[in-house]
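Student: Give the three-dimensional model of this entry:
(chains A, B, C and D)
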Protein chains: 2
Amino acid sequence: MVSERSLDVLRVIVQDYVASREPVGSKSIVERHAFGVSAATIRHDMALLEEEELIAAPHTSSGRIPTDKGYRVFVNQLADLRPLSPVQRQAIQTFLGNATDLDEVLLRTVRLLSQLTHQVALVQYPTLGQSRIRHVELVPLSATRLLIVLITDTGRVEQRHVDIKSQIDAEFLSEVRTKLNARLGGLLLAHAAESLDLVTDDFHADHASIITQIADSLREQVAANRVDKLVMAGAANLATTPEDFGGSIVPVLEAIEEQVMLLRLFAEMEPDQRGLATSIGSENAAFGLGETSVLTSGYSSSRGEFARVGVLGPTRMDYPNNMAAVRAVARYLSRLLGEE
Amino acid sequence: MVSERSLDVLRVIVQDYVASREPVGSKSIVERHAFGVSAATIRHDMALLEEEELIAAPHTSSGRIPTDKGYRVFVNQLADLRPLSPVQRQAIQTFLGNATDLDEVLLRTVRLLSQLTHQVALVQYPTLGQSRIRHVELVPLSATRLLIVLITDTGRVEQRHVDIKSQIDAEFLSEVRTKLNARLGGLLLAHAAESLDLVTDDFHADHASIITQIADSLREQVAANRVDKLVMAGAANLATTPEDFGGSIVPVLEAIEEQVMLLRLFAEMEPDQRGLATSIGSENAAFGLGETSVLTSGYSSSRGEFARVGVLGPTRMDYPNNMAAVRAVARYLSRLLGEE
DNA sequence: AATTGGCAGTCGTGATGTTTGAGTGCAAGT
DNA sequence: ACTTGCACTCAAACATCACGACTGCCAATT
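Tutor: Prediction:
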C-alpha cells in the first residue's frame, strides 16, 4: 500500500518529468516543492513507488521517471480538471464560429485542438444511424458509367461510381431517379435496405440487371456510412520530440495515415466518469502505438449521432492540460452541431 | 566550361552520394566506376566541378557532395528515363483498378506512388473548368439552416451550409429547387454566375432575401471549385531520413499540412519537354521547403480537366527512379480518368 | 515508528588528448 | 594529358579521467 504522501511524490515526479524530460531525483523534488521533509524521506517514498512499479530508474544512480502504470495512476487520480484559460475559450469561439459545412467544422476543430495541445488532433465523423434519406441523384459519367449520390437530411453526402454493363438511356435514368426517390425519400438509412428490395418490382424485367446494380451500389453506400472517417491535424507536432517515441516517429505516422488502427482503438476506449477516455503508452501496444497516449471524448449532434474527438501524443505529455482541452472542444462541438 | 568526362564524374557523384549518403572522394570513384583514369585525374575534374559550384566539400579534405545546382544539372542531363520494371507496372494496374469513385482513385494513386518512390506523394484534384452543372439539391437542416449540394456531370459533388435569416418553408424550398435546376442545369460552371443573377427575377420580391442568400452561396461554390484540393500519402517516409532535412522535418510536415504553399508551388512549376516539372532544393526556399525537391507531372481527364500528381522528398533523392514513377503513374491516371 | 544526516558506491556526462585514415592539392615525372 | 608521390588537413573513433548527481543503507534522533 502506498501512503498519501507517496502519491503526492508520484504527482510531482510526473509533473517535473513532463516539464523537463529529465529523470527527477529526490533532491530536486525537495528543492522545487514544499514537502516539509528531507530528501532521504522522499527517497524512502520513492523506493515504495518503485516497489509498486509506478516509477523506474533508467539506470543505477539516476533520478526516476514514471512508468506507464505510474502515468495511469496519475491520470486516474486527477480529479478536477482546471478549466481552460479565458484566452483559450475565446480561441475556441472565434475558431469554430461560422464554418460553412460539416467538413469545415471538423477541419477547424482538429486544427484548433492541435494548436491548444501541441499534439496530433483527431476527430471522427459522426455516424449516420438516425439520418434519413433526403435525395438520390444519378449522374451519367459516360455511356456505361454512373455516379450515384446519396444525400441525407443531416447534411451528409455520399457518392460512388458504378460500371453498368449495358448502355444507359437518359430517359430511363430519369425514371429510375424518380422512382428511387419515391421509394427511399424520408427513410431511415437503417431501413433503406429493405425498401431497395422492392424497387426492382417497379420496373420491367428487361431492366432488372441495371436496377439491381444500382440497388446494390446504394446498399453498399448505406452500409459504408457506418464505416467511420477521421480528420487529423498537427502531425508536425510529433516531429518536434522524436526522442519521446523511442527515436522514430515512423510507426506513429504510419498508424495515423492508416486510420484503421486508430478507429479500432477509438472503438475500444471506455470513457470514465468525466466523459474522457484515456489510453496510455503500453495500453496501445496492440496498435503499434506503444509509446503514445490517446485522449478522447465523445461528442454528439442533435440527431444523436455520436463520434469521438481527441488527441494523440507521446506518453510523456501534459495530461491535465490536454484532457481539459479535449473536453472543452468536445463540449463546444456538441453544442455547435446540436444547434443545427 | 566543363568537359564531357567532368559531367560523367558529376553523375557518379550524385549517384553514389544518393546511395550512400556519404561525401564521395576521388578514390572511391575510381574503385567503383571504370573511368580508366587515376584518382588524381578525377580530382582534377572535381576541382573544375567545384569551380562551377556543382559540387562542394563539407569541410577541407573530405569527399564532395552535389550542390543544388549540381542536382539541377544532373536532372536536366538525365535524358532517357528508364521505364519501370514489369513488377512496378503490374503494381500500378492492380492497385488502381476498380476504384469506386474519384476520391478513391486519387487516394489509391497517392498510396501507390508513395510506395513506389518511398517519398511523400501528392495529387491535386482536377479543376472543374469544363464541367456542367448536373443538379442542385437543397436540404433543410433546421428551421434556419440549409445545405446546398452542387453536382456536376463529371461526378464532382460540392456542398455547403448556409444560415438563412428567415424561416424556411418546405414547399417554397421545393419551388426554389425546381427553378434553380431549370435555370442552371447543363450550364458550364464558368457561365453559372451570370444565370444566377436572373434567378432572383423568377420569384416574388418577398423572398428576395432568401433567394439572394442561396444564390450567393452557389456563386461561392462555383468559385470555390477553382480552389484546388490535395490528397497526400507517405508522410512517414519523411521521418525515415530526418538528417536529410537539416535535422528537422517539422517545417516540411507543416507545409504539407498547410497545403496552400504546395498548391502555389504546383502552380509555379513549369513542365519540361518530358512533361515532368522538377523543383530542387533551394529553388523551393520561398515555400519553406529549402531542403526538399518536388517532382510533378500533369494529368488530365477526358473533359480536359487538368491537375498535377507528384512526389516530394529530400533534395538527396533518387531522381531517375522517382521521375520515372511519377511519369508512369500520371500517364496511367490520365488513361483511367480519360476512359470514364 | 517515522524521519534524518552521513557516507560509500555507482554510473552517466563531458572535457581532454591521441590515433587513424580518408581525402585533398600540388609539383615533378612520364 | 595523365600519373605518381608526398605533405597536409581534419573528422571520427577511441581511451582516459575527473566530476557530480544519485541512490541505498545505517545509525542516530525525535
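
Student: part of a helix, is A:R108?
Tutor: Yes. Counting by DSSP: H, G, I helix; E, B strand; the rest coil, A:R108 is located in a helix.

Student: what's near enough to touch it?
Tutor: A:95-96, A:99 (C-beta atoms under 8 Å, 6 or more residues apart in numbering or on different chains). (Each C-beta comes from the backbone N, C-alpha and C, glycine too.)

Student: now, which of those residues sits nearest A:N237?
Tutor: Of all these, A:F95 has the smallest distance to A:N237: 17.1 Å, by C-beta to C-beta.

Student: That closest one - how many residues pack around it?
Tutor: 17 (other C-beta atoms under 10 Å in any protein chain shown).

Student: which SSE is it in?
Tutor: helix A:86-96 (DSSP states H and E).

Student: which parts of stretch A:272-288 are buried?
Tutor: Within stretch A:272-288, the residues that count as buried by 16 or more other C-beta atoms under 10 Å in any protein chain shown are A:276-284, A:287.

Student: where exactly do the helices run in chain A?
Tutor: Along chain A, counting by DSSP state H, helices occupy A:4-20, A:26-32, A:39-51, A:68-77, A:86-96, A:102-117, A:170-184, A:189-199, A:208-224, A:235-240, A:250-258, A:260-268, A:319-339.

Student: Using CSV, list the CA coordinates for stretch A:312-323.
Tutor: In CSV, the C-alpha atoms belonging to stretch A:312-323 read as follows (Å, rounded to 0.1, in the frame of the first residue of the first chain):
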residue,chain,number,x,y,z
LEU,A,312,-2.6,11.6,-29.7
GLY,A,313,0.9,12.2,-28.4
PRO,A,314,3.9,10.8,-26.6
THR,A,315,3.2,9.1,-23.3
ARG,A,316,5.2,11.9,-21.8
MET,A,317,2.6,14.6,-22.3
ASP,A,318,0.8,17.2,-20.3
TYR,A,319,-2.2,15.2,-19.3
PRO,A,320,-4.1,17.8,-17.3
ASN,A,321,-3.9,20.5,-19.9
ASN,A,322,-4.6,18.2,-22.8
MET,A,323,-7.5,16.5,-21.1
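
Student: Would you mind listing what in the stretch 201-340 of chain A touches chain B?
Tutor: Neighbours of chain B within the stretch 201-340 of chain A, by C-beta under 8 Å from any C-beta of the partner chain: A:233-236, A:238-240, A:242, A:248-251, A:253-254, A:257, A:339-340.

Student: Filter those residues down to the buried ones and hand me the PyMOL line.
Tutor: Command for PyMOL that selects the buried part of these, burial taken from 16+ other C-beta under 10 Å:
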select buried, chain A and resi 233+234+235+236+238+239+242+249+250+251+253+254+257+340
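
Student: related to what we said a few turns ago, which one of the buried residues of stretch A:272-288 sits closest to DNA strand C?
Tutor: Ranking those by separation from DNA strand C, with C-beta to the nearest atom of the strand as the measure, puts A:G281 on top at 21.6 Å.

Student: Point out where the stretch 201-340 of chain A drops to low pLDDT.
Tutor: Applying pLDDT under 70 to the stretch 201-340 of chain A flags the ranges A:225-227, A:302-304, A:339-340.

Student: For DNA strand D, give me its nearest residue in it.
Tutor: A:R316 (17.1 Å).

Student: what separates the residue nearest to A:H161 when sequence neighbours are not counted from A:A40, distance-wise?
Tutor: Spatial nearest neighbour of A:H161, excluding adjacent residues (C-beta to C-beta, 6 or more residues apart in numbering or on different chains): B:D101 at 4.5 Å. Per C-beta to C-beta, to the nearest Å, B:D101 is found 69 Å from A:A40.

Student: got it, and A:L180?
Tutor: For A:L180, the distance to A:A40 - C-beta to C-beta - is 79 Å.

Student: more crowded one of these two?
Tutor: Between A:L180 and A:A40, counting by other C-beta under 10 Å, A:L180 is the more crowded of the two (24 against 9).

Student: Check the more buried one and give its pLDDT.
Tutor: According to the predicted model, the pLDDT of A:L180 comes to 87.

Student: and the residue nearest to it when sequence neighbours are not counted, what does it touch?
Tutor: Among residues not flanking A:L180 along the chain, A:V136 sits closest, at 4.9 Å (C-beta to C-beta, 6+ apart). Shown in contact with A:V136 (C-beta under 8 Å, 6+ apart): A:148-151, A:177, A:180-181, A:184, A:218.

Student: got it, and A:E194?
Tutor: Applying C-beta under 8 Å, 6+ apart to A:E194 gives no contacts.

Student: Same question for A:S6.
Tutor: So A:S6 contacts A:45, A:48-49 (C-beta under 8 Å, 6+ apart).

Student: One more: A:I151?
Tutor: Counted by C-beta under 8 Å, 6+ apart, A:I151 has contacts A:133-137, A:157, B:137, B:139, B:147, B:149.

Student: what's the farthest-apart pair in the residues you listed?
Tutor: A:V136 and B:L147 (15.2 Å).

Student: any idea how far A:V199 is from chain B?
Tutor: 20 Å (C-beta to the nearest C-beta, to the nearest Å).

Student: Hmm, that residue is touching A:I210, no?
Tutor: No. With contacts counted by C-beta atoms under 8 Å, A:V199 stays clear of A:I210, the gap being 11.4 Å.

Student: From the contact counts, what lies against the helix holding A:F95?
Tutor: Contacts defined by 3 or more C-beta pairs under 8 Å, 6 or more residues apart in numbering or on different chains; DSSP states H and E place helix A:86-96 against helix A:102-117, helix A:319-339.

Student: Quick one: mean pLDDT over it.
Tutor: Mean predicted confidence for helix A:86-96 is 88.

Student: how far off helix A:319-339 does it point, in degrees?
Tutor: In terms of direction (axes from the mean of the first three to the mean of the last three C-alpha atoms, to 10 degrees), helix A:86-96 departs from helix A:319-339 by 40 degrees.

Student: Just the buried positions in helix A:86-96, please.
Tutor: A:88, A:92, A:95-96.

Student: and the residue of the stretch 51-200 of chain A nearest DNA strand D?
Tutor: Of all residues in the stretch 51-200 of chain A, A:S61 sits closest to DNA strand D, at 3.4 Å by C-beta to the nearest atom of the strand.

Student: That residue and B:H33, how far apart?
Tutor: From A:S61 across to B:H33, the span is 53 Å (C-beta to C-beta).

Student: between the two, which one's more packed in?
Tutor: Taking neighbours as other C-beta under 10 Å, A:S61 and B:H33 compare with B:H33 leading, 15 against 6.

Student: Now the more buried one. Its backbone dihedrals?
Tutor: phi -130, psi 140 (degrees, to the nearest 10).

Student: What residues does it make contact with?
Tutor: B:V12.

Student: Tell me the confidence at it?
Tutor: Here, the pLDDT recorded for B:H33 equals 91.

Student: Equivalent analysis for A:E194, please.
Tutor: 82.

Student: With the one 4 residues further on instead?
Tutor: According to the model's per-residue confidence, A:L198 sits at a pLDDT of 81.

Student: mind checking how far it is from A:I211?
Tutor: Distance from A:L198 to A:I211, counting by C-beta to C-beta: 11 Å.

Student: More neighbours: which of the two?
Tutor: Ranked by neighbour count (other C-beta under 10 Å), A:L198 and A:I211 place A:I211 first, with 21 against 10.

Student: check contacts around the more buried one.
Tutor: Contacts of A:I211 by C-beta under 8 Å, 6+ apart are A:176, A:199-200, A:203.

Student: Out of those, the closest to DNA strand C would be?
Tutor: Nearest to DNA strand C among these, with distances taken as C-beta to the nearest atom of the strand, is A:V199, at 69.9 Å.
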